[in-house]
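In: have a look at this prediction, sequence included:
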Amino acid sequence: MPATRTIPIHPIQPVPGTATALHPRLTRGRFNNWRVALIVLTQAVFFGLPWLNWDGRQAVLFDVARQQFFVFGLSFWPQDFIYLAALLMACAFLLFWASTLAGRVWCGYACPQTVYSTLMLWLDRLVEGNHVARARLAARRGSAEWLARKGLKHALMLLLCAWIGVTFLGWFVPLREVLARLPAGLSALEWGWIAGYGVFTYVLAGHLREQVCKHMCPYARFQSSMFDARTLVVDYDSARGEPRGAHRKGTSAQGACIDCGICVQVCPVGIDIRQGLQYECIGCAACIDACDIVMDKLCQPRGLIRFSSDAHREQPGPAAFTLRDWLRPRASLYAALLLTVTLATAIALAQRQPLKLDVARDRQQLARATADGQVENRYLLQLGNSAGVPQDVELRLQAPAGIRLLSHAPVRRIEAGANTQWAITLTAPASQPSVPITLVAQSRSHPHWRVQTPSRFIGLPDRH
């Protein structure tokens, strides 16, 4: 396996004119378009799914109070925890695979901290203006304009965070029910979840922003263990760019970098990528977009700042990712593990029986003699239907001859995603010894939905 790539740590250079706060400059370009698209996609999922209904209920609902989770037409109970574990494993392997191929692309494009920090940055620009106007406003701290603009901006941030908190609660309590009970109908616990998640977002994305990525996120510390010589990272072509400086007529030994500083101004964490790869870099490629714009204006080729790797550094322009890069051992291992977990989970879900049957005996009296010379056993069945539609479930008994199921209605209707209890009695002649039995629950509308649970019939002890 290729050797691990070590990330050198360089001192972070503050944006010129801002000693204590960053005022990132917004840019445009192909990577920024991808980032905006992913922000729209992730927030459409977060804000939109709780409004989607499926078979008469919220399509995705993690009902912790009832210990039942609904995902479109499927229902899951705590005993289905294996599927959650498989999902977490798949997400971990996907993150490892993506990091091996292209570094911190998750951090730069889809991490919630990045997404919400970007939303807050858009609010900054909306209320306070561009990066220059924001820096000038910061220099007039305490003025009437500063108070008015800061007050408006933080009011908008708090409104956004409040709606984020309400939507977050809507993943665990039906969102329409939450809105109908606002404001006085919510419990203290529900208000706590709204306020907690909203304040959490306001502090991390509205105030701390890049400090979370640099100092609080553990991923920045161990990311290098997933890098190798072919991992694509944001890279400055120093051979082409140095010596940097303004272009002047008559200067022959001049690099392509004009030292405009725009790559630093657009960086959301305030680093200078020209100093080399740094662990604070989140791989958002904002500096690539900004530098490409400058190169276009200078009529020079793009790629002074680009995605590259140790193995591709000698190539001119953007790195050409080959089949060998995709199939290298570390990336192949993560991809194989991801594929294995995904396929195994998909097969298990496809074969999953939506009917659940648990059998509990009457512990107070295992066997009871009746007046007509029979012996009775009583059982309490717990029947569950995780399908998205109601089911008429028929109960059957598999037991030796002589043991009968006493039930005037051997069919029970179970609503979609519901549980029900069913008390039954089995009888047999008094001479019947203790034997194993099997109780079978089968759907009448879907005969292949069939579940069986073993139990035991207890006979009366032999008194002779």
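Out: The structure has been received and is ready for your questions.
In: quick one, grab the pLDDT at Val15.
Out: Looking at Val15, its pLDDT is 40.
In: got the CA coordinates for the helix or strand Ala85 falls within in PDB?
Out: When elements are assigned from DSSP states H and E, Ala85 belongs to helix 81-102. C-alpha atoms of helix 81-102 as PDB (Å, rounded to 0.1, in the frame of the first residue of the first chain):
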ATOM      1  CA  PHE A  81     -30.600  -1.500  14.600                       C
ATOM      2  CA  ILE A  82     -28.400  -3.600  12.200                       C
ATOM      3  CA  TYR A  83     -29.600  -1.500   9.300                       C
ATOM      4  CA  LEU A  84     -28.600   1.700  11.000                       C
ATOM      5  CA  ALA A  85     -25.200   0.200  11.800                       C
ATOM      6  CA  ALA A  86     -24.800  -0.800   8.100                       C
ATOM      7  CA  LEU A  87     -25.800   2.700   7.000                       C
ATOM      8  CA  LEU A  88     -23.100   4.300   9.300                       C
ATOM      9  CA  MET A  89     -20.500   1.800   8.000                       C
ATOM     10  CA  ALA A  90     -21.400   2.700   4.400                       C
ATOM     11  CA  CYS A  91     -21.100   6.400   5.100                       C
ATOM     12  CA  ALA A  92     -17.700   5.900   6.800                       C
ATOM     13  CA  PHE A  93     -16.300   3.900   3.900                       C
ATOM     14  CA  LEU A  94     -17.700   6.400   1.400                       C
ATOM     15  CA  LEU A  95     -15.900   9.200   3.300                       C
ATOM     16  CA  PHE A  96     -12.700   7.200   3.400                       C
ATOM     17  CA  TRP A  97     -12.900   6.400  -0.300                       C
ATOM     18  CA  ALA A  98     -13.700  10.000  -1.300                       C
ATOM     19  CA  SER A  99     -10.800  11.300   0.900                       C
ATOM     20  CA  THR A 100      -8.400   8.900  -0.600                       C
ATOM     21  CA  LEU A 101      -9.300  10.000  -4.100                       C
ATOM     22  CA  ALA A 102      -9.800  13.800  -3.600                       C
END
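In: I'd like the next helix or strand past it.
Out: Going down the chain from helix 81-102, the next helix or strand is helix 105-109, by DSSP H and E.
In: point out where the stretch 251-400 of the chain drops to low pLDDT.
Out: Along the stretch 251-400 of the chain, segments meeting pLDDT under 70 span 251-253, 314-320.
In: ranges for the strands of it?
Out: 305-308, 355-361, 368-369, 374-385, 391-398 (DSSP state E, counting those that start in this stretch).
In: dump the ones you listed into a markdown table; add distance to Ile458 and mean neighbour count as well.
Out: Yep, even glycine has a C-beta here, placed from its N, CA and C like the rest. Below are the strands of the stretch 251-400 of the chain laid out as a markdown table (distance: least, Cβ to Cβ, whole Å; neighbours: other Cβ atoms under 10 Å):
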| stretch | distance to Ile458 | mean neighbour count |
| --- | --- | --- |
| strand 305-308 | 70 | 23 |
| strand 355-361 | 8 | 17 |
| strand 368-369 | 10 | 13 |
| strand 374-385 | 6 | 19 |
| strand 391-398 | 15 | 17 |
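In: how about the ones you listed, which one is nearest Arg181?
Out: Closest approach to Arg181 among the strands of the stretch 251-400 of the chain (Cβ to Cβ): strand 374-385, 28.2 Å.
In: CA atoms only: put that closest one into CSV for me.
Out: The C-alpha coordinates for strand 374-385 follow below in CSV (Å, rounded to 0.1, in the frame of the first residue of the first chain):
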residue,chain,number,x,y,z
GLN,A,374,-57.8,-30.8,29.2
VAL,A,375,-54.6,-28.8,29.8
GLU,A,376,-54.3,-25.2,28.7
ASN,A,377,-51.3,-23.0,27.9
ARG,A,378,-51.7,-19.2,27.5
TYR,A,379,-49.5,-17.0,25.3
LEU,A,380,-49.3,-13.3,24.6
LEU,A,381,-48.2,-12.6,21.0
GLN,A,382,-46.7,-9.3,19.9
LEU,A,383,-47.5,-8.8,16.2
GLY,A,384,-45.9,-6.0,14.2
ASN,A,385,-46.4,-4.8,10.6
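In: so what strands line up beside it?
Out: Looking at strand 374-385 with DSSP bridges, its partner strands are strand 355-361 (antiparallel), strand 368-369 (antiparallel), strand 418-429 (antiparallel).
In: contact partners of the second one?
Out: Residues external to strand 368-369 that are found in contact with it (Cβ atoms under 8 Å, 6 or more residues apart in numbering): 375-378, 430, 460.
In: for the closest residue to Pro390 other than its chain neighbours, phi and psi?
Out: Leaving aside its sequence neighbours, Pro390 sits nearest to Glu415 (Cβ to Cβ, 6 or more residues apart in numbering; 5.0 Å). Dihedral angles of Glu415 (phi, psi; degrees, to the nearest 10) stand at phi -70, psi 160.
In: Glu415 contacts Asn385, doesn't it?
Out: Yes - contact criterion Cβ atoms under 8 Å: Glu415 and Asn385 qualify, at 6.9 Å.
In: before we move on, back to that, and the contacts of the helix holding Ala85?
Out: Contact with helix 81-102 is made by 76, 105-106, 223, 226-228, 231-233, 283, 307, 325-326, 330-331, 334-335, 337-338, 341-342, 344-345, 348-349, as judged by Cβ under 8 Å, 6+ apart.
In: next one: the residue nearest to the spatial centre of the chain from Pro454, what distance?
Out: The residue lying closest to the centre of the chain (Cα atoms, centre = their mean) is Cys91, at 7.8 Å. From Cys91 across to Pro454, the span is 36 Å (Cβ to Cβ, to the nearest Å).
In: same deal with Ala138?
Out: 72 Å.
In: out of the two, which sits in the busier spot?
Out: Ala138 (17 against 10; other Cβ atoms under 10 Å).
In: which strand or helix spans the more buried one?
Out: Element membership for Ala138 (DSSP H and E) is helix 131-139.
In: ok, now how distant is Arg136 from Thr420?
Out: In terms of Cβ to Cβ, Arg136 sits 67 Å off from Thr420.
In: since we're on Ala311, how many residues are nearby?
Out: If you count neighbours by other Cβ under 10 Å, Ala311 ends up with 18.
In: what's near enough to touch it?
Out: Residues near Ala311 by Cβ under 8 Å, 6+ apart: 229-230, 325.
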